[in-house]
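Student: sequence first, then the predicted structure, then my questions.
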Amino acid sequence: MSAPSQILLEAANISRTYGAETILADVSLTVRAGEVLTVVGPSGSGKTTLLALLALLLEPTSGCILVAGRDAASLSDAERSRLRNTFYGVIFQTAQLIGTLSVLDNVLLPAFLAGQSRQKRADARELLDRLGLSARADFLPHQLSLGQKRRTALARALLLRPAVILADEPTNDLDARRAAQVADFLLDLPSAGYALVLVTHDEPLAERAGNCWRIREGKVTPLARVLAVPPARDDEFLLHAVGSEPS
Amino acid sequence: MLRLIVNSLLRRRWQSLATILGVALGAGLLLAVFLLYHGFEQGLERGRQRLGADLLVVPGNATVDPDRALFAGSPLSVYMDKKYADQARKIPGVRRVEAQFFTQSLKLECCSLGTESRLIGIEDQVARRLAGTSPDGREKLEPDEVIVGSELLGGIGKPGALIELLGDIFRLAYRLEPTGTALDHSILMPMESARNLAAKSEALKPVWQEAGDPHELISALLIEVDNPSRIKDVGRTLEDLGPLKVIRAADTFQRLKRLMTAFVFLLAAAGALTALGGIAYLLGHFSSVAWDRKGEWALYRALGASKPRMAQLVVGEAVALALGGALMGLPLGYGLYRLAFAQLTAQNAFPFIAPGGSLLVAAAAGTLGLYSLIGLLSAAVPAFRVAQLEPALTMAQGDID
């Protein structure tokens, strides 16, 4: 068994309430480099809230989140923003593409915000190429299929090579073939050194991913644990996993 | 970030164009109002400076519009005995007396701007007073020399040019600075030369038969008093000299100024309302944008835009639209101003000084600056609201494309 890799993200006894309603209660978990962490649970169980807390999109009502060892509560807005920009790659439940931007510019959005759009242009094109979207680079989002939108969002999440990928129901609304393609792609990411936090109600996908946690009534409990972390591989190896598909 | 702003504006081109047009109309109106306002202010001030007199004396039977006579410089085709000039000079408290002699009007086909040119005879002391505006500082006009108003003779009006007036040849001494009054369309010559021309004029013969030898006549007296407190007394003494009409410049100036102030106030109010309307228009636009594009802004936040960066994005779009509109409004405003200017020149109703090139550039730069500020102000509240958006909104919302 290989030595445990670096802890990137740690939630310690976090809770989140909305008024009198408790969404998450006393949740603790750890995300390591090259590791996949899967959270399953029915709709409305608090999966998305957990992801939002881990992504620093929300603040916990109690408890703390450590990002690379630093308490997120002590970070300024600028520092949290910088982490959201470069440390995290978030794949939202819906693709969340800007309708007035081309596919290429949507992928480049984190780079625009980081002031690196010129340097990252080639990387964005390469990602689109590997995801089978190079012919769609100048299209607007409304001209894409659902699967193509998801892959565009995937490319956007990976553009700045973040340490942690957070994916919220990534196979939702996709047909079985497209869902499998996206799942294959995502589950290969840890082997390239990315930490992947996968939130889904798709139990077969969770079983494939391993290191599975269940969320119920605001509590998170382990279902299975990963036993081995595969060695890091080059992005190129895994990115060709998802081929092109007709629009 | 600039690319995000440009991209956003270009992708919403009809919406952007409509906003720019709205701003352009406001900016154009504001520029035109400012140029007219400034022209009136300058014209009034120049009229007052040019007059340099406290009292205007004309024959008692003259039908005189004091405003036009004093500030628009309209010549009066009336005559009185020149002895009044000498008598006026002897009144205690009188510092300066200038007599003027008006002859007939001319039509200068080559350079008339629709207004008749007037021949005015002046005394040597007037030439001395005008010396400051002469390129060579000359203080005296030769009998065959003339000074022309700024609007006459155009490109050929260089010093030394020969001009034929009613059959006599004159040499151009120099051209006057613009005054915004009828003086801009006048030709000034030595008093005796004007009288000689008038005496020869067939058109004026009936006038001389009634009024007498033109060499013994004058049309008006401009009188400066050494102490403003004595103006009324000097005026009364002048009225006692004979059948004369005395117009007090201060009264006329104050009355005209009140009238002009009301007019200028209207213009200034129109300008201020236009600017406020611009703010309200853009504020409404960007408040609506902040709300309509909430999903997009929240996504930016979720992807790592800090609060200041979000504010910059919103304000950047606002300033770009305001600046684009103001740029488009500049030619619009200038065109509107030229239309109004042409009307004012034709009517010669108010003294008006057309702004020079440097003022036009400053006004254009000021308009751009003001509308940048308006863009900034109108986007301030929406930008603040956008910056406060919770990035978690992205997790809860549906697709935004």
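Tutor: That came in fine, so what should we check first?
Student: wait, what's in contact with the most centrally placed residue in chain A?
Tutor: Geometric centre of chain A, nearest residue: residue A:166, 2.1 Å, by Cα atoms, centre = their mean. By Cβ atoms under 8 Å, 6 or more residues apart in numbering or on different chains, the contact set of residue A:166 is A:51, A:54-55, A:88-91, A:197, A:199. Using the backbone N, CA and C atoms, a C-beta is placed for each residue, glycine as well.
Student: what do you get if the cut-off is 7 Å, keeping everything else the same?
Tutor: For residue A:166, the contacting residues are A:51, A:54-55, A:88, A:90, A:197, by Cβ atoms under 7 Å, 6 or more residues apart in numbering or on different chains.
Student: check residue A:23 too.
Tutor: A:16-17, A:46, A:49, A:218.
Student: ok and the residue in chain A nearest chain B?
Tutor: In chain A, the residue that lies nearest chain B is residue A:85 (2.3 Å; Cβ to the nearest Cβ).
Student: grab the nearest non-local neighbour of that residue.
Tutor: residue B:304 (2.3 Å; Cβ to Cβ, 6 or more residues apart in numbering or on different chains).
Student: the helices in chain B, which residues?
Tutor: Assigned by DSSP state H, chain B shows helices spanning B:2-11, B:13-51, B:66-70, B:83-89, B:124-129, B:191-200, B:205-211, B:231-241, B:249-292, B:294-302, B:307-347, B:357-387, B:393-396.
Student: residue A:37: which element?
Tutor: Element membership for residue A:37, per DSSP states H and E: strand A:36-40.
Student: ok, residue B:89 to residue A:81 distance?
Tutor: 84 Å (Cβ to Cβ, to the nearest Å).
Student: those two: who's more crowded?
Tutor: Neighbours were counted for residue B:89 and for residue A:81 using other Cβ atoms under 10 Å in any protein chain shown; residue A:81 has more, 25 against 14.
Student: contacting residues for that one?
Tutor: Residue A:81 makes contact with B:304-306 under the criterion Cβ under 7 Å, 6+ apart.
Student: and if we set it to 8 Å?
Tutor: The neighbours of residue A:81, taking Cβ under 8 Å, 6+ apart as the test, are B:301, B:304-307, B:309.
Student: then residue A:26?
Tutor: Going by Cβ under 8 Å, 6+ apart, residue A:26 touches A:13-15, A:63, A:219.
Student: please apply the same query to residue B:39.
Tutor: Taking Cβ under 8 Å, 6+ apart as the test, what residue B:39 contacts is B:180, B:341, B:344, B:352-355.
Student: now with 6 Å?
Tutor: Applying Cβ atoms under 6 Å, 6 or more residues apart in numbering or on different chains, we find residue B:39 in contact with B:352-353.
Student: can you check residue A:160 too?
Tutor: A:86, A:110.
Student: let's verify it: helix, strand, or coil?
Tutor: The three-state label given to residue A:160 by DSSP: H, G, I helix; E, B strand; the rest coil is coil.
Student: what are the phi and psi values for it?
Tutor: Main-chain dihedrals, residue A:160, degrees, to the nearest 10: phi -90, psi 20.
Student: redo the helices of chain B as CSV? Include mean pLDDT.
Tutor: Output for the helices of chain B, formatted as CSV (pLDDT from 0 to 100):
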stretch, mean pLDDT
helix B:2-11, 80
helix B:13-51, 81
helix B:66-70, 59
helix B:83-89, 92
helix B:124-129, 75
helix B:191-200, 89
helix B:205-211, 86
helix B:231-241, 90
helix B:249-292, 77
helix B:294-302, 89
helix B:307-347, 87
helix B:357-387, 88
helix B:393-396, 70
